[in-house]
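Trainee: Mind looking at a prediction? Sequence and model below.
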Amino acid sequence: MKQISILGCGWLGFPLAKSLLQKGYLINGSTTTLEKISVLEHAGITPFFIQLSEDKIVGEMDSFLENSEILIIDIPPILRRASSNTSTGLSKTFVEKIQNLIPFIEKSSVKKVLFVSSTSVYADENASLTEASIPNPDTESGKQLLDAEMLLQSNEKFETAVIRFGGLIGSDRHPIKFLSGKTNIENPDAPINLIHQEDCIGIIEKIIREAQNDNFSWNETFNAVAPFHPTRKEYYTQKAIEFNLPLPHFNESKPSIGKLIQSEKVERVLGYSFNNIKL
């Protein structure tokens with residue numbers, strides 16, 4: 001059985017690990033909380049306590065990667081305040097974490113890395129965007145994700161596939177619960193770019209299966225959002241009604257700005273069909 005290491009068994013990484021286990025893979029999974037070690041172990045995942053910081057890695061990273069051919073990196077770009085003055089006031093902690101991780105990957109058995117990124121690498125603008133579009137992030141987290149993508153994909157010791165997920169939703173996670181009852185919400189006519197947790201897992205598993213195909217190029221970048229793009233006002237108003245929540249109220253006094261993310265490459269190259277389109 002092949003072994004996969006998943007760095008970050010959180011909201012997406014944990015159900016992904018359980019799904020891969022059911023398909024016969026051996027899974028090493030990491031967590032940053034000691035309390036979750038027993039949860040991973042109970043699920044059949046070999047657990048590791050690993051914490052990445054800008055200057056060190058705490059935990060048995062060598063053992064975590066040992067005997068794995070594929071590493072999935074699914075850690076959020078949580079940023080902290082910089083100690084010195086910068087234009088954003090935020091330090092490049094996430095990029096430094098990835099930089100510290102790379103030497104461990106280089107000396108391990110890992111040949112393929114799958115990096116979970118975000119559509120935040122594209123700025124919010126009135127444009128239809130594909131993987132051929134030049135990323136121009138307008139947020140610090142988007143900038144650091146893009147830097148991390150380039151850092152990994154430029155390494156010649158291993159190959160890196162990048163998946164840029166849109167807004168993540170699931171049975172326990174939906175943005176309407178945050179937007180419900182709020183007023184003066186901007187960009188009512190901007191399209192939504194969301195993806196369900198089940199499709200996130202399905203796309204990752206499809207890439208892993210395609211890795212066994214000699215004609216498949218692993219060193220690729222994929223946008224991944226459901227091919228369903230109603231306006232924010234239309235979608236979130238309907239969801240508030242469905243969830244029996246107070247309606248959100250939008251500011252329609254100025255033009256809406258919002259990108260539309262295209263995911264045809266996922267369907268064309270991977271042959272993947274989205275299961276949750278209407279979200």
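Mentor: Received, thanks.
Trainee: which one is T93 nearest to, not counting chain neighbours?
Mentor: Closest residue to T93 apart from its sequence neighbours, by Cβ to Cβ, 6 or more residues apart in numbering: E54 at 4.6 Å. Heads up, the C-betas are built off the backbone N, CA and C, glycines and all.
Trainee: Just to check, that neighbour is in contact with N100?
Mentor: Yes - with contact defined as Cβ atoms under 8 Å, E54 and N100 form a contacting pair (7.4 Å).
Trainee: per-residue confidence for Q212?
Mentor: Q212 is assigned 80 on the pLDDT scale.
Trainee: Surely it is within a strand?
Mentor: No - according to DSSP: H, G, I helix; E, B strand; the rest coil, Q212 belongs to no strand; its state is coil.
Trainee: Got phi/psi on the residue nearest to T93?
Mentor: phi -70, psi -10 (degrees, to the nearest 10).
Trainee: any idea how far it is from I257?
Mentor: Using Cβ to Cβ, to the nearest Å, E54 is found at 33 Å from I257.
Trainee: quick one on the thing from earlier: give the burial count for the residue nearest to T93, as a bare number.
Mentor: 14 (other Cβ atoms under 10 Å).
Trainee: Ok, S38 next?
Mentor: Neighbours of S38 using other Cβ under 10 Å come to 10.
Trainee: which residue ranges form the strands in the chain?
Mentor: 3-7, 26-31, 46-49, 51-52, 57-58, 70-73, 112-118, 128-129, 159-165, 167-169, 194-196, 221-224, 260-261 (DSSP state E).
Trainee: I'd like to know how far T139 sits from E267.
Mentor: Computed as Cβ to Cβ, the T139 to E267 distance reads 28 Å.
Trainee: More neighbours: these two, which one.
Mentor: T139 (16 against 12).
Trainee: per-residue confidence at the closest residue to the more buried one other than its chain neighbours?
Mentor: Excluding the flanking residues, the one nearest T139 by Cβ to Cβ, 6+ apart is S120, at 5.7 Å. At S120, the model reports a pLDDT of 97.
Trainee: just V225 next, same as before
Mentor: For V225, pLDDT reads 98.
Trainee: likewise W218?
Mentor: pLDDT, W218: 93.
Trainee: residue contacts, the residue lying closest to S30 once chain neighbours are set aside?
Mentor: In space, and not counting its chain neighbours, S30 is closest to I50: 4.2 Å by Cβ to Cβ, 6+ apart. With contact taken as Cβ atoms under 8 Å, 6 or more residues apart in numbering, I50 is in contact with 7, 30-32, 57-61, 64.
Trainee: Pipe the strands of the chain into JSON lines and attach mean neighbour count per row.
Mentor: Formatted as JSON lines, these follow (neighbours: other Cβ atoms under 10 Å):
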{"stretch": "strand 3-7", "mean neighbour count": "25"}
{"stretch": "strand 26-31", "mean neighbour count": "24"}
{"stretch": "strand 46-49", "mean neighbour count": "18"}
{"stretch": "strand 51-52", "mean neighbour count": "18"}
{"stretch": "strand 57-58", "mean neighbour count": "14"}
{"stretch": "strand 70-73", "mean neighbour count": "25"}
{"stretch": "strand 112-118", "mean neighbour count": "22"}
{"stretch": "strand 128-129", "mean neighbour count": "16"}
{"stretch": "strand 159-165", "mean neighbour count": "23"}
{"stretch": "strand 167-169", "mean neighbour count": "19"}
{"stretch": "strand 194-196", "mean neighbour count": "23"}
{"stretch": "strand 221-224", "mean neighbour count": "22"}
{"stretch": "strand 260-261", "mean neighbour count": "20"}
